[in-house]
Structures are given as structure tokens and as C-alpha cells.
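**Student:** got a sequence here, can you model it:
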Amino acid sequence: MANSHNGPTRRTLLHATAAGSAALGAGGLLTACTGAAGGDARATTLYTAGLQDGEPTSFNPLGWSACWPVGNYVVYLYETLFNFNLLTGEAEPLLAEGVEWTGDVATVTLHEGTTWQDGKPLTSADVVATLRLSDRNEGISFGDLWGYVDAVDAVDERTIAFTLNPDNPQRVRLMDLLCFTYILPAHIWDAVPDEELIEFANLEPLGSGPFKVESYTHQDVTAVRHDDYWGNEVHGQPNPQKVVHTIYEGNDAANLSFQNGDVDMSAFFLPRVNELWEDRGLPVKTWDTEAPYHLPGSMPMLILNASKGALADPRVRRALAHVIDYGKIAESAMAGMSDPAQASIILPEGAESQYFDAQAAAAGWTYDPETAARILEDEIGAAKGDDGIYVLPDGTRLGPFVAATPQGWTDWNAALDIVATTATAAGIEVVTEFGDFTEVNDNLGNGNFDMVLWYVSDVAPSSPWARIRDILDDRAVPPVGEMAFWNFGRFHHDAVAGLLDEAATTVDEEAREAAYVQLDDLLRAEAPAIPLMYRPLEFYQVSEKNWKGFPTKEDPYCAPMQGMTGIKILSRITPVEG
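**Tutor:** Prediction:
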């Protein structure tokens, strides 16, 4: 990413979205092993699935699509300075033992004894060198740090000072950086030519974490425990000696293996997962025994083009928000694995819940065609034509609006079918279009669309700042016809910039909360995007046929996912005796 600091590059957008599409149930691309190892091996080997599609081609954390166990916030091989706790919203020590603030300077201290897997010390120089890689190649995703950080200095071997830009001192974004940037060994990466930093396959990866890549094929990737892991005393030692990620041809094969107990942890989309324990008595668990079973971590939204036609009118957008059956989307399209989406840009559970105003969300839009009719008829003066579709006083017909999302994202396709059916029945004609991913992505970025169901930012230390920026902030967003990387609908409101900057820079938590309240109110008033569902960051199903002790809502010792949890799960689970 260039040091122009204008936000994520096209590469970052595509990488994030491709990762999201895998979670939607695209599944792997190749045939899996027909059976897991048996006997004593099952007491030492954990099998996982759903975080790797296709044969591994790169373990480069700077690249487009790093293969498991790199990416997806997993820190088995490469580690970050901190882990982000999805349950509490806190940044927890990993390579670093803590961070202290003095004005606009954050001082990060590494744990004693941090080393690379080849035994060489991991020092503050490695941290600085990692972040300086973005000076060597403009395509590296964290290059925008120089927009809010003036300097990164190695004070001594264990101490790094981050000096914020006094004109843009965004503490929350710095914490994103500290939680989500893999630290790389300078003695390896300094030798990689600048122009190859992103394309370098890194097929013999050297990290600092508790696992090494032992082998990889078109069928699986095997990580073997690094017994000399520096963090054994600090973070604990993983109980599995190996973790194998099996690669599947699709959801059906993966889910069958999971039900058979050949997979211990699955991140595949598994509809009606509750039937596995309720009807079949299988030793299967998810985060919660009650619907929606998963902990939400993202909020796909129907992004509306606010720059043209009838959708430029917030009253039309609010009317549209009232003719979508959110309950049906949750129950049918999401197979009960989402609560009905509410009128808020903030997730109601987990790390963001401190900012969620349930009363205000309930007073926003709901599925209520009568309210939509009142808005259209009384506030705008629209009237239904002979075909049942509203026409505005200036003769503009409300539709057909095209609602797009990529073909094959089946639950999203189903959600848009529901939008089209209920909206059209209420007098706003919507038709669906499920095209090629690249085409949808290009049209979205260039502003050539009516409505698109798309991902916005997931839960992170900066939440919900990044998601609000994605939807409401038009600073550095180019005009229609040029590629944008956020605010695809080109929405503008004069109050957004000041409120977002207050939320990002203030050290006063009450002031930050007040800014988010006003921004959430603005979303409900203007409706530039409409939440359609809640999704986990990883779908989480575990089988206790061979291993037990996985986290659940009843035993929430960490979030239900492999990413952002370090080795908390791996050091707590134990093999099932028998």
C-alpha cells in the first residue's frame, strides 16, 4: 500500500473478500483425504478444516492469499504483538507483554526470551523491520500506518516506541496494527528483493510460533509442534503434537467428515448444525446450544448507491429498509444461524456490545410495509401505479433496482431473493443479479450499481470505527467511475468526518461512545446501507469424539475460533480416553 494513506488497496479488498467467500460455504477446491489417522495418532493429532481452499502455494503473510496456518488471524506459525479478544474487546499480550501510553507515544515491550524457530532472538529490530517493509513495496497492506504514525523506533532490544501523527492520532487504528500484523524475521525478509515481497512464496516459512509447517499437499497441510517454543512458560504448550488442516472439495464432503468425527474443528458453513446433537446424539458442539449458535463477528450489508436516482433520497432508502423481512433472512437464508438484523451499524454481542443501543435500534426500521407506505405516500407524495410499483411525484418509478452479489454465495443469494420478493410486493421493485465475483467487485468499487450485498469491516480493536468509516466516510473516496475501497455508495453527510475523528482519537471513553451514538443515529436517519444478517468471523463446529474441552458460551475461556485466540484452545483441549 502506498504511503498516500488513502486506505486499503484493491489487493487488500480482494483478499479480505475472498477470505469471506470461503466462510460463506465455497468450500475447498480439491479432494480431501478419505480418512484421518487412527489409533494413538488421534490422541496427538488435531484435525481442522474450512480455513484453506485448494493446494497451498504460498505461506507469505504479505501476499494475496497466504495458506493455512498463515492468515485468518491464526498465530500458530507467525505471531502478532497482541491477540484481539473477540469476547472482551481487549488486546491481550502475545509477543508483547504490554503497551503503555504517554501522550501520543505508545511504548510496546516484548516478552523476555522471544525467539525465532531457528533459535535466533526476536527483538524490537524485527518489529521495526517488519513495519518498514511497507516502505519497500507499496502493495503491502499495512502501509497506511504512516498516515497515523509518525515514527516507529527501537528503543532497546525489547522496547518499541510508536509515535502517533499529532494531526491524526488514531489510537484505535494503531491497536488494529498491533493485533493484526504478523512480525517477520528480519534475517530472512531483508534478503527478499523489494519487488518480490508480495509474490515470494515463502514455502519454508520460519516464524516464532508454537508450530512449524511439516508438509503440505493437495490433500492437507500438517503443522508440527515446535517444542522449543519461546512461549511455553508464558502461554502454555499446545497439547496436540500435530495440527492437520484437511482440504475438501466442497461443503458436503467436509461436513460428512466432520459428522463422522474425522475433523475435530470445522469452519465450514453447516446448516441446521443443532440437529447433529438434538436428533442424532453426536458429540458435536458450537458456541451456543441455542440459535443462532455462533458468536457474531461481521455484518454483511446491503449497500445502496446514494449518488444517483431515487436512491439518492434518504426517505426512499428508509422506506426500502422497512420492506425487507429480516426474520425470514435469518431463518431461511441463514438457516437459523443469525438473529434478525437490527437497525444499527454496531453488533449487539461481543466486543462491540458496549456501544450498542438496543432501544434506539428497536426504534429504527423493522419489517413494516405499512410504515414504508406512509413514508412514500405522506412524506414524499408517491403513488402506486397500475402495476403496484410506486411512482414519485416527478414521474420516477421505484424500480427495477438491481440487487447484486456474487454467484455461488448461496446464503447471500437467498437473502437477496427475499429482499427482492418482499420489496417488490410492497411497491419497490427489486430484481437480483448474481454475477462473477470480479464483475460485482469492479461495479461496486466504480459506483456502477444500485444495491450490492457485501462485507464491511469485521470486529477489531477499532470496532465499530472501521465499519462506520466503510459506510459513511467519503474522505479520499473518488467520484463514480473511479475505484473506491470504502463508501462504495458515495454517501456524504457533513457531520461524519468530525464524529469519526473524535471516536478514533479521543482518550475519553464517554466521548467515544457519544460519537458512536450519533453516527449510529445518522445511519438510521439516512440508511445508506442496510444490515441483512450477522455472521461469525469463523463458523465454529467442534466434535468431541477425539478431543474435548473446546470453548463454549458456558465455558467462555476464549472466543470460538482459531484466529485471534493464540493457543488458548490448543493448550486446554485434551484427548478423549477410550
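**Student:** quick one: residues contacting Ala466.
**Tutor:** Listed by C-beta atoms under 8 Å, 6 or more residues apart in numbering, the contact partners of Ala466 are 176, 457, 460. All C-beta atoms are positioned from the backbone trio N, CA, C, and that covers glycine.
**Student:** residues contacting the last one?
**Tutor:** Okay, so that is Ala460. Counting by C-beta under 8 Å, 6+ apart, Ala460 touches 84, 176, 179-180, 466.
**Student:** at 6 Å what do you get?
**Tutor:** With contacts taken as C-beta atoms under 6 Å, 6 or more residues apart in numbering, Ala460 has the following neighbours: Asp176.
**Student:** can you check Arg272 too?
**Tutor:** With contact set as C-beta under 6 Å, 6+ apart, Arg272 has these partners: Ala335.
**Student:** which SS state does it fall under?
**Tutor:** For Arg272, the secondary-structure state derived from DSSP: H, G, I helix; E, B strand; the rest coil is coil.
**Student:** how much space between it and Val263?
**Tutor:** When distance is defined by C-beta to C-beta, to the nearest Å, Arg272 is 18 Å away from Val263.
**Student:** now swap in Thr371 and tell me
**Tutor:** Distance, Thr371 to Val263, by C-beta to C-beta: 46 Å.
**Student:** who has more neighbours, those two?
**Tutor:** Taking neighbours as other C-beta atoms under 10 Å, Thr371 and Val263 compare with Val263 leading, 30 against 16.
**Student:** just checking, Val576 touches Lys548?
**Tutor:** Yes: using C-beta atoms under 6 Å, Val576 makes contact with Lys548 at a distance of 5.4 Å.
**Student:** please enumerate residues in contact with the longest helix anywhere in the chain?
**Tutor:** Counting by DSSP state H, the longest helix found in the chain is helix 509-526. Helix 509-526 is contacted from outside by 314, 343-346, 355, 364, 468, 499, 502-503, 506, using C-beta under 6 Å, 6+ apart.
**Student:** how about stretch 496-508?
**Tutor:** In contact with stretch 496-508 (C-beta under 6 Å, 6+ apart) are residues 169-170, 172, 465, 472-473, 512, 515-516, 518-519.
**Student:** same check on stretch 341-350?
**Tutor:** Contacting residues not belonging to stretch 341-350 are listed as 86-87, 295-296, 326, 352, 355-356, 361, 364-365, 464, 467-468, 520, 523-524, 531-533 [C-beta under 6 Å, 6+ apart].
**Student:** which of these fall in strands?
**Tutor:** By the criterion of DSSP state E, membership of the contacts of stretch 341-350 in strands covers Pro531.
**Student:** name the helix or strand for the nearest residue to Gln407 once chain neighbours are set aside, please.
**Tutor:** Among residues not flanking Gln407 along the chain, Phe434 sits closest, at 4.0 Å (C-beta to C-beta, 6 or more residues apart in numbering). Assigning secondary structure by DSSP states H and E places Phe434 in strand 430-435.
**Student:** mean confidence score for that strand?
**Tutor:** Here strand 430-435 scores 97 as its mean pLDDT.
**Student:** buried stuff in it?
**Tutor:** 430, 432-434 (16 or more other C-beta atoms under 10 Å).
**Student:** in its sheet, which strands sit next to it, and in what direction?
**Tutor:** Here strand 430-435 has these sheet partners by DSSP bridges: strand 401-406 (parallel).
**Student:** what residues sit buried inside the strand it pairs with?
**Tutor:** Here strand 401-406 shows 401, 403-406 as buried, counting by 16+ other C-beta under 10 Å.
**Student:** between strand 401-406 and the very next helix or strand once past that strand, find me the angle.
**Tutor:** Past strand 401-406, further along toward the C-terminus, the next helix or strand under DSSP H and E is helix 410-425. Helix 410-425 and strand 401-406 are oriented at 170 degrees to each other (axes from the mean of the first three to the mean of the last three C-alpha atoms, to 10 degrees).
**Student:** would you agree Thr114 is in contact with Leu122?
**Tutor:** Yes: with contact defined as C-beta under 6 Å, Thr114 and Leu122 form a contacting pair (4.1 Å).
**Student:** tell me the SS of Trp146?
**Tutor:** Applying three-state DSSP to Trp146 yields a three-state assignment of helix.
**Student:** distance of Ile198 from Pro210?
**Tutor:** Taken as C-beta to C-beta, the span from Ile198 to Pro210 is 26 Å.
**Student:** neighbour count winner among these two?
**Tutor:** Neighbour tally, Ile198 and Pro210, criterion other C-beta under 10 Å: the higher count belongs to Pro210, 28 against 19.
**Student:** for the residue nearest to the more buried one when sequence neighbours are not counted, what are phi and psi?
**Tutor:** Counting by C-beta to C-beta, 6+ apart, Tyr229 is the residue found nearest to Pro210 once chain neighbours are left out, at 4.2 Å. With angles defined as degrees, to the nearest 10, Tyr229 shows backbone torsions of phi -50, psi 130.
**Student:** swap in Thr552?
**Tutor:** With angles defined as degrees, to the nearest 10, Thr552 shows backbone torsions of phi -140, psi 170.
**Student:** got a list of what it touches?
**Tutor:** Contacts were defined as C-beta under 6 Å, 6+ apart; by that measure Thr552 touches Lys285.
**Student:** what do you get if the cut-off is 7 Å, keeping everything else the same?
**Tutor:** Taking C-beta atoms under 7 Å, 6 or more residues apart in numbering as the definition of contact, the neighbours of Thr552 are 285, 287.
**Student:** give me the distance between it and Gln518.
**Tutor:** Applying C-beta to C-beta, one obtains 36 Å for the distance of Thr552 from Gln518.
**Student:** can you check Thr366 too?
**Tutor:** Computed with C-beta to C-beta, the distance linking Thr366 and Gln518 is 22 Å.
**Student:** one more: Asp368?
**Tutor:** The gap separating Asp368 from Gln518 is 25 Å, by C-beta to C-beta.
**Student:** how about the secondary structure of Ser571?
**Tutor:** Recorded secondary structure, Ser571: helix (three-state DSSP).
**Student:** please name the nearest non-neighbouring residue to the spatially most central residue of the chain.
**Tutor:** Centroid check for the chain by C-alpha atoms, centre = their mean gives Asp458 as the closest residue, at 3.7 Å. Sequence neighbours aside, Ser298 is the residue nearest to Asp458 in space, at 4.6 Å (criterion: C-beta to C-beta, 6+ apart).
**Student:** now the phi/psi pair for the one you found, please.
**Tutor:** Note on Ser298: its backbone torsions stand at phi -150, psi 170 [degrees, to the nearest 10].
**Student:** try Gly498
**Tutor:** According to degrees, to the nearest 10, Gly498 has phi -60, psi -40.
**Student:** that one: neighbour count?
**Tutor:** Taking other C-beta under 10 Å as the neighbour definition, Gly498 ends up with a count of 11.
**Student:** how about Ile418?
**Tutor:** The number of residues near Ile418, taken as other C-beta under 10 Å, comes to 19.
**Student:** OK, contacts around it?
**Tutor:** When contacts are counted by C-beta under 7 Å, 6+ apart, Ile418 is found next to 325, 328-329, 332-333.
**Student:** which of the residues you listed fall in helices?
**Tutor:** Using DSSP H, the members of the contacts of Ile418 that fall in helices are Lys328.
**Student:** from the contacts of Ile418, pick the one nearest Tyr148.
**Tutor:** Each of the contacts of Ile418 was scored against Tyr148 by C-beta to C-beta, and Ile329 proved nearest at 36.6 Å.
**Student:** pretty sure the closest one contacts Ala415?
**Tutor:** Yes: the pair Ile329 and Ala415 passes the contact test of C-beta atoms under 7 Å, sitting 4.8 Å apart.
**Student:** what sits in contact with each of these two?
**Tutor:** 532-533.
**Student:** just want to know which of these two has more residues nearby.
**Tutor:** The neighbour comparison of Ile329 against Ala415 (other C-beta under 10 Å) goes to Ala415, with 29 against 25.
**Student:** okay, now the residue nearest to the more buried one when sequence neighbours are not counted: neighbour count?
**Tutor:** Closest residue to Ala415 apart from its sequence neighbours, by C-beta to C-beta, 6+ apart: Ala333 at 4.1 Å. In terms of burial, Ala333 registers 21 neighbours under the definition other C-beta under 10 Å.
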